[in-house]
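Chemist: Got a sequence here, can you model it:
(chains A and B)
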Amino acid sequence: MKGHLGTRILQVIPTLLLVSVYVFCLQQLMPGDPALVLAGEERDPQVLAQIRAELWLDRPLPIQYFHWIGNVLTGDLGFSWRIRQPVIQLIAQKLPVTLQLGSMAFLIALSIGVPMGILSAVKKNSFWDYLANGIGLAGLSTPNFWLGIMLILLISVHLGWLPPSGYVPLSEDWRQSLATTIMPAFVLGNALSAVLMRHTRSAMLTALEQDYVRTARAKGLLEWTVVLRHALRNALVPVVTLGALELGTLFSGAVLTEQVFSVPGFGKLIVDAVFNRDYPVVQGVVLVTATVYVSLNLLADVLYVLINPRLRNA
Amino acid sequence: MRRTLFAASAALLAALPLVAQAQDFPTLRIGLADDADALDPTLGRSFVGRIVFASLCDKLVDIDAKLGVVPQLAAGYEWTDSKTLVFKLRPNMTFHDGTPVDAAAVKFSMERHLTMQGSARRGEISTLDRVEVVDPLTVRMILKTPTSPFLATLTDRAGMIVSPKAAEAAGKDFSLKPVCAGPFKFVERVAQDHITVERFDGYWNAASIKLGRIVYRTVVDPSVRLANLQAGALDMAERMAPTDVDAIKKDSKLKLVTYDGLGYQGITFNVGHGDRAKTPVGQSALVRQAFSLAIDRTALVQVIYNGMFTPAVQAVPEASPFYAPDVKVPPRDVAKAKALLAQAGVKLPVVVDLTVTNSATQQQEGEVMQSMAAEAGFDVKVRAMEFAASLDADDRGDFSAHLIGWSGRADADGNLYNFMHTGAPLNVAGYSNKDVDGWLDEARAVSDVAARRALYAKVAQANVTDLPLMYLYINKWITSMSTKLDGYVPVADGIIRPQGITLSK
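Modeler: Model prediction:
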């Protein structure tokens, strides 16, 4: 187990280096000169040349890359070309927002998706199964931005129960913070709960047909003990894999939902940065997101072993 | 003893209202359509940045609702000759850090615009040769050549004066905590979320400020801005969607203010910029005239923008002192368009490659024009392209026709010179006409408004014939606000000036 973990941690380093090269190169493929975007409406050739020189855009690509990655290794992610704030500061502002929103959405998804999946597998082809499937399908096929706008109109404009958009940090006022994030978290969680429900259902169906389940039933165990202690534990492995991947996606920002609810998270940061060709921000955010993603996968590996001890020797 | 106490508390109570503090005034929450860029008058390039600057940084001069130049930090100005502009500053003004606003600060700020690396102002004031301090309240600006639009340039970021002490201390980081002489001082910024500013009690015109704080919130989606207004989470929002105008009018808690802007939307034809100019529409003015006649501007604006914008064939709005009343929007005339195409002797259908930005409305605009122009014998191919990529293509001359706008400047020169003068930086059309160059140069050299108007009228007339730029409509500002808000004065530059705005509870 320890050796396995050690190897996995060592694998993280080349993965992240590869990501850094990848994101750097992909950006170069984007049409549009960053200096031209930065210069705004007045495109004075002298100013353009100045901008290129200041941002190292007039040097060869490998030199630009090593200049950037060298700074990154010393903990300096550079500064945003557009708003002139240090990238690390921008990330520090956005990361808590995205983590909070992502965690809340994930909790909502888990608390809806997994129980619904279990229920529909256990009560296969019953009314409950169809109902859970119906809710799941609706969740999957409703576009986030539409659901978001509908919720704002209903809950904020007509009923006046929650603020329509914006964000208040948890540290400032936790009640307001929950009030501003609950709607976007629900929108995100709703879509994810449908995915989790479908996966839990199919994994549970497979597990319930296994021999050990039949044995457990033959031992005369209570049905719910069989379902929750024997079947669910095995069925959870693929759900954990999926959950970790989806959580990673949530933590990399939710562009449309953030846009609709004006939540200043990662999604908005990176999209704005791409459109403004604000390379340091794009690179910094992608690197941080990749780190979060890789860490979550590592965590999933540890969780497998905890759920299924047989993997301990694998 | 009791009497003394009573007298003391009475005196205290009487004195309290005299010291107006930020918390005595309401907070105004404004919804902005984008996130501002660097909050440094020398580096700033975004439109919403200018809205925030209106509360942070006063300018030497400003424009009023009639687009006339009025004093702000300067008590007055005078052209002593065609190359020398003298400003007299108001006495006893201070920056947010308590240092005085004087002639030395003006000289420092102007030189900062000219020399700071990455300055976005350099091109705008490149005609400025030097700045001289005459006395602490008098400053003289000497230009390289006679340039009358220079004064209007100072009504925007180029005329904003920053605290030399704060700017020197902060260096490149000045935008993280700007220190100017505007009615509000900077409090905090969370990128893409909000910028907060607070009343500056030492403002030279503090009596005009009835707000304690302003929170500028970035709410990108126009329907979400509207929902925020309706729910009372915002007091005011800029650039509402034309399609939301009816909903705003129906809401008893909201007010709607619409007015012509300074900017326009139009099609830039590549008439002489590289190989892509070698198309019928690029080579023949008759073909472009036919295209213009085939488009019904009023119907276009009606279909896409709910009739909110003003159809136009010139670069300046009617409110401008440089508007040419004789250059009118022609009615759509398909028969005449066909006749012009026949006269040009081109093969039908005439293919027009039209680049549009990949937004829903721009694409619809392109498609509506596609169907209108088809009736006259054009085959318009609408190509959607991301904005930054389209700018790049423009600069390389890799386009045939581009549907693109300009945010507009107070002086007509800012809407015309750089687009139409031979070799000017924004003349991506590759247009070159000796007469037009001469008129544009002359309009810079003279300062008499009537004389300049006559010159710009000639330019507008020439454009209708040559059509390197086919104007479609003048943008309108659609601003909505709570009925509790009063005193807002709309100005064509679309900037929300906090002076005079009141907010009742």
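
Chemist: Phi and psi next, for the residue nearest to B:G487 when sequence neighbours are not counted.
Modeler: Ranked by Cβ to Cβ, 6 or more residues apart in numbering or on different chains and with sequence neighbours excluded, the top spatial neighbour of B:G487 is B:G500, at 4.1 Å. For glycine as for every other residue, the C-beta is placed from the backbone atoms N, C-alpha and C. For B:G500, the backbone dihedrals (degrees, to the nearest 10) come out as phi 90, psi -10.

Chemist: Quick check: B:D35 is in a strand.
Modeler: No. According to DSSP: H, G, I helix; E, B strand; the rest coil, B:D35 belongs to no strand; its state is coil.

Chemist: these two touch, right, it and B:Q192?
Modeler: Yes. Taking contacts as Cβ atoms under 8 Å, B:D35 lies within contact range of B:Q192: 4.7 Å.

Chemist: Between the two, which contacts overlap?
Modeler: A:D272, B:T218 (Cβ atoms under 8 Å, 6 or more residues apart in numbering or on different chains).

Chemist: Show me the helices in chain A, by range?
Modeler: Secondary structure of chain A (DSSP state H): helices located at A:2-29, A:34-38, A:45-54, A:61-73, A:87-122, A:127-141, A:144-151, A:174-208, A:211-218, A:223-225, A:232-251, A:255-261, A:266-275, A:279-307.

Chemist: Serialize these to a markdown table and add fields for mean pLDDT, mean neighbour count and distance to B:T84.
Modeler: Listed next are the helices of chain A as a markdown table, based on pLDDT from 0 to 100; neighbours: other Cβ atoms under 10 Å in any protein chain shown; distance: least, Cβ to Cβ, whole Å:
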| stretch | mean pLDDT | mean neighbour count | distance to B:T84 |
| --- | --- | --- | --- |
| helix A:2-29 | 82 | 12 | 48 |
| helix A:34-38 | 82 | 22 | 34 |
| helix A:45-54 | 82 | 17 | 25 |
| helix A:61-73 | 90 | 13 | 46 |
| helix A:87-122 | 91 | 21 | 45 |
| helix A:127-141 | 88 | 15 | 69 |
| helix A:144-151 | 89 | 18 | 56 |
| helix A:174-208 | 91 | 21 | 55 |
| helix A:211-218 | 86 | 13 | 94 |
| helix A:223-225 | 83 | 11 | 92 |
| helix A:232-251 | 84 | 20 | 60 |
| helix A:255-261 | 86 | 24 | 50 |
| helix A:266-275 | 86 | 22 | 43 |
| helix A:279-307 | 84 | 19 | 43 |
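
Chemist: Output those in TSV; the columns should cover distance to B:G159.
Modeler: Converted to TSV, the helices of chain A look like this (distance: least, Cβ to Cβ, whole Å):
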stretch	distance to B:G159
helix A:2-29	37
helix A:34-38	22
helix A:45-54	19
helix A:61-73	36
helix A:87-122	30
helix A:127-141	54
helix A:144-151	41
helix A:174-208	39
helix A:211-218	79
helix A:223-225	76
helix A:232-251	45
helix A:255-261	35
helix A:266-275	29
helix A:279-307	31
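
Chemist: who touches A:V239 in this structure?
Modeler: A:V114, A:G117, A:L196, A:H199, A:T200, A:A203.

Chemist: Ignore what I typed, I meant B:P91.
Modeler: B:L137.

Chemist: Am I right that it is in a strand?
Modeler: No. Going by three-state DSSP, the assignment for B:P91 is coil, not a strand.

Chemist: quick one: buried residues of stretch B:68-82?
Modeler: B:V69, B:P71, B:Q72, B:L73, B:A74, B:Y77 (16 or more other Cβ atoms under 10 Å in any protein chain shown).

Chemist: Any stretches of the stretch 1-150 of chain B with poor pLDDT?
Modeler: B:1-20 (pLDDT under 70).

Chemist: What residues does it have near chain A?
Modeler: Residues of the stretch 1-150 of chain B lying close to chain A (Cβ under 8 Å from any Cβ of the partner chain) are B:35-40, B:43, B:45-46, B:117-120, B:122-124, B:126.

Chemist: try it again with 7 Å
Modeler: B:D35, B:D37, B:A38, B:L43, B:R45, B:Q117, B:G118, B:S119, B:A120, B:R122, B:G123, B:E124 (Cβ under 7 Å from any Cβ of the partner chain).

Chemist: looking at these, which has the most residues close by?
Modeler: B:A120 (27 neighbours; other Cβ atoms under 10 Å in any protein chain shown).

Chemist: So the closest residue to it other than its chain neighbours, which state does it fall into?
Modeler: Of all residues beyond its chain neighbours, the one nearest B:A120 is B:R45 (4.9 Å), with distances taken as Cβ to Cβ, 6+ apart. B:R45 falls in the coil class when you classify it by three-state DSSP.

Chemist: cool, and the one 4 residues further on?
Modeler: The three-state label for B:G49, taken from three-state DSSP, comes out as helix.

Chemist: give me every residue that touches the residue nearest to it when sequence neighbours are not counted.
Modeler: Spatial nearest neighbour of B:G49, chain neighbours left out: B:A36 (4.0 Å); criterion: Cβ to Cβ, 6+ apart. Contact partners of B:A36, counting by Cβ atoms under 7 Å, 6 or more residues apart in numbering or on different chains, are B:S46, B:V48, B:G49, B:V52, B:I195.

Chemist: Whichever of those residues end up buried, select them in PyMOL.
Modeler: Restricted to buried positions by 16+ other Cβ under 10 Å, the PyMOL selection for these reads:
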select buried, chain B and resi 46+48+49+52+195
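
Chemist: nearest to chain A, of the contacts of B:A36?
Modeler: B:S46 (7.3 Å; Cβ to the nearest Cβ).

Chemist: Leaving out sequence neighbours, find the closest residue to the closest one.
Modeler: B:D37 (4.3 Å).

Chemist: Is B:T298 located within a helix, as I assumed?
Modeler: Yes. Counting by three-state DSSP, B:T298 is found in a helix.

Chemist: how near is the residue lying closest to it once chain neighbours are set aside to chain A?
Modeler: Nearest residue to B:T298, sequence neighbours excluded (Cβ to Cβ, 6+ apart): B:P311, at 5.2 Å. Note on B:P311: its distance to chain A, by Cβ to the nearest Cβ, to the nearest Å, is 23 Å.

Chemist: B:P311 pairs with what?
Modeler: B:Y473 (DSSP bridges).

Chemist: Quick one: residues contacting A:A179.
Modeler: A:L162, A:P163.

Chemist: of all the contacts of A:V239, which comes closest to B:G423?
Modeler: Nearest to B:G423 among these is A:L196, at 61.8 Å by Cβ to Cβ.

Chemist: that older thread, between the contacts of A:V239, which sits nearest B:D173?
Modeler: Using Cβ to Cβ, A:L196 comes nearest to B:D173 of those, at 45.5 Å.

Chemist: Hmm, that closest one is touching A:V114, no?
Modeler: Yes. Judged on Cβ atoms under 7 Å, A:L196 makes contact with A:V114 at a distance of 6.1 Å.

Chemist: Please name the nearest non-neighbouring residue to the residue nearest the centre of chain A.
Modeler: When chain A is reduced to its mean C-alpha position, the closest residue under Cα atoms, centre = their mean turns out to be A:L250, at 2.0 Å. Leaving out its chain neighbours, the residue that sits closest to A:L250 by Cβ to Cβ, 6+ apart is A:G102, at 3.6 Å.

Chemist: Next: B:V69.
Modeler: B:V61 (5.1 Å).

Chemist: Next, count neighbours for the one you found.
Modeler: 21.

Chemist: Hmm, B:T153 and it touching each other?
Modeler: No. Counting by Cβ under 7 Å, B:T153 is not a contact partner of B:V61; they are 9.8 Å apart.

Chemist: quick one on the thing from earlier: what's opposite the residue nearest to B:V69 in the beta bridge?
Modeler: B:P71.
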